[in-house]
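Asker: The following block contains a protein sequence and its predicted model.
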Amino acid sequence: MTKVLMDGNSAIGEAAIRAGCASYFGYPITPQNELTEYMATNLPKRKGCTFIQAESELSAINMVYGASLAGVRTMTSSSSPGISLKQEGISYLAACELPAVIVNMSRGGPGLGSIAPSQSDYFQATRGGGHGDYRTIVLAPSSVQELADLTHRAFDLADKYKIPVIILGDGMVGQMKEPVEFKHEAPVELPIRSPALRGAQGRPSRIIKVLTSKPVELEELNWSLFRRYQLIKKNETTSETFLTEDAKLVVVAFGSSARIAKGAVKRARESGLKVGLLRPITLWPFPSEAVQALIHQTNHFLVFEMNMGQMLEDVQLALAGKGEISFYGRPGGVIPTPDEVFRVINRLYYQKGLRAEK
Amino acid sequence: MKPVQFHYCAGCGHSIAHRLVGEVIDEMNLRDIAVGIPGVGCCVFAYNYFDVDMAEVAHGRGMAVATGMKRVNPEAIVFTYQGDGDLCAIGIAETIHAANRGENLTTIFINNAIYGMTGGQMAPTTLLSQKTTTTPLGRNAAKEGSPIKMSEMLALLDGTVYLERTAVNSPANIRKTKKAIRKAFQAQIDGLGFSMVEVLSPCPTNWKMEPLDSWKWIDKEMVKVFPLGVIKDTTGKKEDAD
């Protein structure tokens, strides 16, 4: 396989096509338009595949809902304010146990915010976002290569667990260009999932519905979803560690922040500071056990995010009062440099007296 | 249709309209390839009655869902069955744009000039001076706007091929409604584009009328604002003589 130079948004499009995505429905919003445009150009070239620029984000997610009801792999993408509009549809997808892939190349908020990279949609992505007692799998890539790999994984997870999967990136990872290698060829036949609504074709007619007039029935649906969420937690939680084996201070960061933090950790190591990085790859389910496992070797954590401290709460829950957690965040679309984060690490390292510890 | 009892109130037009759609599907032999999308409101339970694949959707989003469904599976015959609140209040954008794209879909639009399931509030199609629970003094154009003539609006779009307004308030009108529904499905089978039948339908409960009076009210008041007949037909087929 050869590597090609591609921006992150386009790499998602190519990976989706190779994953057998048969339909993409989108609505323009910066900074994810390269994906919509990539799909407009490339998806209709494949037999049986559809691209539509919808009239709104609401329509786009509901076209996804229709395509998923028909049993094909389907996708939409947007950025923060647009994802807010899609939440109604995501709640319905969750209720009907329908797979779909939803990309959020997030930007600064609240409101229209800015078009600069931000991570302030963490709560919205990991806590449900729409109404009801549901979860979505949330994947957080930090490179163009990982965007491609996780896009493929997103389609597989969506089908396996009949659940909407969110790829939570931001304008930085979406718009930067890096060499990327696609590990799969596009399937010759588009996969069609069962059960789907494609006409009864001789079998008894089928209903896929979300309204139930009996509270006990709805409770049973929610219990069944909950059991599936427990299974996802058990099987699919992923994270990556970098130089944590002897670390006295561990930085916890995801996505673009993790990319920046990795640079800062390298500088810290060059200065002789024993610092490591834990990077959650699934934000939901959150890798709590991986965080807990580190408490045996260090008492000091630095959570770094491009928001006011959202993943911070998951780290606090994971550590359950153990360890000392510091936080550094830049909200509003300001991208910190590795040097800036290194200075934070350096200050903390000395303030906590880690230099002196043997 | 499935052999189950309707939940609809006495005199409600949904029962008749359901029956007509069911008969057309049977007569045109579409049962195995049809997929139906009921709207939110009184007809939300339509999936319990039609013996075809059915999907429930969010309020107003029927045409977007139908679009996604039909585009990835063009062999299916996809229809939505929506009320006035669904199709021309919360879902008006979805309706206009699906029609404008000429989506090859069929829509049965039940216009009863009121919100039924939520208890008789104003709809976009509520007549001027008509009293509802949210227009207790009667709908006032200066405050609430005038009733939206959805079929006439959609007729302006190049993507629509067949639009007819009918009613289910007399045996003759019921027969015309069935013919229109049949024609709307035929347009989809022929791959011509977007087709819709707007059905004026009584809601005796929320109009606070006896069923027979509600039939008369359609003739006396509703058709003045929503005249019956073919509003647009570019299917290239001549109307059969009545």
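Answerer: In hand now; what should we look at? Numbering: from 1, shown residues only, chains lettered A, B, ... in the order given.
Asker: any idea which helix or strand carries A:Gly66?
Answerer: helix A:57-69 (DSSP states H and E).
Asker: quick one: buried residues of that helix?
Answerer: Buried residues in helix A:57-69, counted by 16 or more other C-beta atoms under 10 Å in any protein chain shown: A:57-69. (Glycine included, C-beta is placed from N, CA and C.)
Asker: Let me have those residues in JSON lines, adding distance to A:Ala125 and pLDDT as columns.
Answerer: Shown next, in JSON lines, are the buried residues of helix A:57-69 (distance: C-beta to C-beta, whole Å; pLDDT from 0 to 100):
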{"residue": "A:Glu57", "distance to A:Ala125": "15", "pLDDT": "98"}
{"residue": "A:Leu58", "distance to A:Ala125": "18", "pLDDT": "98"}
{"residue": "A:Ser59", "distance to A:Ala125": "21", "pLDDT": "98"}
{"residue": "A:Ala60", "distance to A:Ala125": "17", "pLDDT": "98"}
{"residue": "A:Ile61", "distance to A:Ala125": "15", "pLDDT": "98"}
{"residue": "A:Asn62", "distance to A:Ala125": "20", "pLDDT": "98"}
{"residue": "A:Met63", "distance to A:Ala125": "21", "pLDDT": "98"}
{"residue": "A:Val64", "distance to A:Ala125": "17", "pLDDT": "98"}
{"residue": "A:Tyr65", "distance to A:Ala125": "19", "pLDDT": "98"}
{"residue": "A:Gly66", "distance to A:Ala125": "23", "pLDDT": "98"}
{"residue": "A:Ala67", "distance to A:Ala125": "22", "pLDDT": "98"}
{"residue": "A:Ser68", "distance to A:Ala125": "19", "pLDDT": "98"}
{"residue": "A:Leu69", "distance to A:Ala125": "23", "pLDDT": "98"}
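Asker: List the contacts of the closest residue to B:His14 other than its chain neighbours.
Answerer: Leaving out its chain neighbours, the residue that sits closest to B:His14 by C-beta to C-beta, 6 or more residues apart in numbering or on different chains is B:Tyr8, at 4.9 Å. Counting by C-beta atoms under 8 Å, 6 or more residues apart in numbering or on different chains, B:Tyr8 makes contact with B:His14, B:Ser15, B:Cys42.
Asker: Of those residues, just say which sits nearest to chain A.
Answerer: Ranked by distance to chain A (C-beta to the nearest C-beta), the contacts of B:Tyr8 are led by B:Cys42 at 12.4 Å.
Asker: Give me the neighbour count for the closest one.
Answerer: 26 (other C-beta atoms under 10 Å in any protein chain shown).
Asker: Repeat that for B:Asp86.
Answerer: 31.
Asker: Quote the end-to-end distance of stretch A:182-200.
Answerer: 38 Å (C-alpha to C-alpha, to the nearest Å).
Asker: and B:Gly159, what pLDDT?
Answerer: Per-residue confidence (pLDDT) for B:Gly159: 97.
Asker: Would you mind confirming that it makes contact with B:Met196?
Answerer: No: the criterion here is C-beta atoms under 8 Å, and B:Gly159 misses it with B:Met196 at 11.2 Å.
Asker: mind listing what A:Ala253 touches?
Answerer: A:Ile260, A:Ala261, A:Leu277, A:Arg279, A:Val303, A:Phe304, A:Glu305.
Asker: How about A:Met39?
Answerer: Neighbours of A:Met39 in contact, by C-beta under 8 Å, 6+ apart: A:Gly13, A:Ala16, A:Ile17, A:Tyr24, A:Gly26, A:Phe51, A:Met75.
Asker: Which members of those occur in strands, if any?
Answerer: A:Tyr24, A:Gly26, A:Phe51, A:Met75 (DSSP state E).
Asker: Max pairwise distance over those residues: which two?
Answerer: A:Phe51 and A:Met75 (10.4 Å; C-beta to C-beta).
Asker: which residues are in contact with both of those two?
Answerer: A:Ser23, A:Tyr24, A:Phe25, A:Met39.
Asker: Chain neighbours aside, what residue packs nearest to the third one?
Answerer: So that's A:Phe25. A:Met63 (3.9 Å).
Asker: Weed out the non-buried ones from the contacts of A:Ala253.
Answerer: A:Ile260, A:Ala261, A:Leu277, A:Arg279, A:Val303, A:Phe304, A:Glu305.
Asker: State whether the fourth one is indeed within a helix.
Answerer: So the one you mean is A:Arg279. No: membership of A:Arg279 in a helix is not supported by DSSP: H, G, I helix; E, B strand; the rest coil, which gives strand.
Asker: For it, which non-adjacent residue is spatially closest?
Answerer: Leaving out its chain neighbours, A:Arg279 is closest to A:Ala258 (C-beta to C-beta, 6+ apart), at 4.1 Å.
Asker: Kindly report the same for the third one.
Answerer: Of all residues beyond its chain neighbours, the one nearest A:Leu277 is A:Phe242 (4.2 Å), with distances taken as C-beta to C-beta, 6+ apart.
Asker: Can you give me every residue that contacts that neighbour?
Answerer: A:Lys262, A:Val265, A:Gly276, A:Leu277, A:Leu278, A:Arg279.
Asker: quick one: A:Ala22 and A:Leu190 touch, right?
Answerer: Yes: checked against C-beta under 8 Å, the pair A:Ala22 and A:Leu190 is within contact range at 4.8 Å.
Asker: Name the residues contacting each of the two.
Answerer: A:Gly48, A:Cys49, A:Val72, A:Arg73.
Asker: Buried subset of these, written for PyMOL?
Answerer: Filtering the shared contacts of A:Ala22 and A:Leu190 down to the buried ones (16+ other C-beta under 10 Å) takes a single PyMOL command:
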select buried, chain A and resi 49+72+73
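Asker: picking up where we left off before, which single one of the ones in strands among the contacts of A:Met39 is nearest to chain B?
Answerer: Looking across the ones in strands among the contacts of A:Met39 and measuring by C-beta to the nearest C-beta, the closest to chain B is A:Phe51, at 9.2 Å.
Asker: residues contacting that closest one?
Answerer: A:Ser23, A:Tyr24, A:Phe25, A:Met39, A:Ala40, A:Leu43, A:Pro44.
Asker: Distance of the second one relative to A:Leu218?
Answerer: By that I understand A:Tyr24. 32 Å (C-beta to C-beta, to the nearest Å).
Asker: These two: which has the busier surroundings?
Answerer: A:Tyr24 (32 against 16).
Asker: OK, contacts around the residue in chain A positioned nearest to chain B?
Answerer: Residue nearest to chain B within chain A: A:Gly66 (2.7 Å; C-beta to the nearest C-beta). For A:Gly66, the contacting residues are B:Ala55, B:Ala64, B:Val65, B:Ala66, B:Thr67, B:Gly68, B:Met69, B:Lys70, B:Val72, by C-beta under 8 Å, 6+ apart.
Asker: what would the shared contacts of A:Ala22 and A:Leu190 look like in TSV with distance to chain B?
Answerer: Below are the shared contacts of A:Ala22 and A:Leu190 laid out as TSV (distance: C-beta to the nearest C-beta, whole Å):
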residue	distance to chain B
A:Gly48	8
A:Cys49	8
A:Val72	5
A:Arg73	10
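Asker: ok, B:Glu23 touching B:Thr177?
Answerer: No: with contacts counted by C-beta under 8 Å, B:Glu23 stays clear of B:Thr177, the gap being 10.8 Å.
Asker: out of those two, which sits in the more crowded spot?
Answerer: Taking neighbours as other C-beta under 10 Å, B:Glu23 and B:Thr177 compare with B:Thr177 leading, 29 against 14.
Asker: Can you give me every residue that contacts the more buried one?
Answerer: B:Ile16, B:Ala17, B:Leu20, B:Thr166, B:Ala167, B:Val168, B:Val197, B:Val199.
Asker: So it, which state does it fall into?
Answerer: Quick answer, by three-state DSSP: B:Thr177 is helix.
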